[in-house]
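Novice: For reference, the sequence and a predicted model appear below.
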Amino acid sequence: MSDNIILIVFVVVSLLLPRIPVVGKFFNIINTGLHEFGHALMALLLDGEVNKIELFKDTSGSTVTQTKHKAAAFLISLAGYPFAASVGWFSFYLVKHGAATGLVIGLTVLFVVMLLFWIRNWYGALWVVLFTGITALLLFLDDAQYAEYVAMFYAVMILTESVVSSVVLLVLSFKDSSKAGDATNLANLTHVPAAIWSLLFLAYTLWVVCRVVMMMV
């Protein structure tokens with residue numbers, strides 16, 4: 001089976017998987033974790049503090065940070081969606097250039113670090129433990145082909161969920177702009193409507209998708 005066919009299969013699976021009760025959204029949390037880490041990383045880069053990160057089974061998440069400046073708060077709120085989409089782009093780059101195992105290990109190390117320092121809710125902690133177990137099993141099997149499939153699946157899940165979450169945010173920003181998460185925060189900080197920020201997030205994510213398609217074809 002060619003890599004392009006496998007990629008298409010993974011895209012279909014990534015869209016259908018969240019419909020499975022209980023366990024269906026497990027892998028979508030990868031994107032959520034990256035999104036929240038994007039906020040945390042920006043806070044740290046701007047000399048702020050990260051109090052806690054929470055990951056929830058409905059694929060939502062939250063990051064509580066402290067900063068002294070409005071400009072820093074703006075950049076922290078801005079960081080989540082572009083960071084996750086960019087990691088999706090980089091993930092495909094690693095897979096294409098034979099670094100599949102490195103991608104899987106890198107994601108796992110990142111989530112373990114998040115657990116040690118910031119993740120403080122029970123589901124988030126359990127998710128990191130289970131995700132780490134999957135990586136440990138993959139390393140135990142020591143099969144390069146399995147590693148490539150798993151890495152490609154993760155890359156697809158990250159990018160697919162980036163698109164889906166951006167679309168959901170856009171819909172929310174039109175239906176009830178007070179409940180549009182990062183877009184609402186940005187609107188409060190800048191007085192630019194939440195819908196505009198949602199459109200910008202979606203535009204960047206779709207641009208990343210186009211770049212990935214061009215890279216993988």
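Specialist: Looks like it arrived, so ask away.

Novice: in the chain, which spans are helices?
Specialist: Ranges of helices in the chain, per DSSP state H, are 3-16, 29-45, 70-96, 100-117, 122-141, 144-175, 181-190, 194-216.

Novice: Mean pLDDT lowest where, among these?
Specialist: Here the lowest mean pLDDT among the helices of the chain goes to helix 3-16, at a mean of 85.

Novice: by how many degrees do that one and helix 70-96 diverge?
Specialist: Per axes from the mean of the first three to the mean of the last three Cα atoms, to 10 degrees, the angle that helix 3-16 makes with helix 70-96 is 140 degrees.

Novice: Contacts only, for the most centrally placed residue in the chain.
Specialist: Most central residue of the chain, judged by C-alpha distance to the mean C-alpha position with Cα atoms, centre = their mean, is Asn31 at 2.1 Å. Residues counted as contacts of Asn31 (Cβ atoms under 8 Å, 6 or more residues apart in numbering) are Thr59, Ala84, Gly88, Met157, Ile158, Glu161, Ser162, Ser165. Where C-beta positions appear, they are placed from N, C-alpha and C, glycine not excepted.

Novice: same thing but at 6 Å, please
Specialist: Under the criterion of Cβ atoms under 6 Å, 6 or more residues apart in numbering, the contact list for Asn31 reads Ala84, Ile158, Glu161, Ser162.

Novice: returning to what we had before: show me the one of the helices of the chain that comes nearest Asn51.
Specialist: The minimum distance between Asn51 and the helices of the chain falls on helix 29-45, with 9.5 Å, by Cβ to Cβ.
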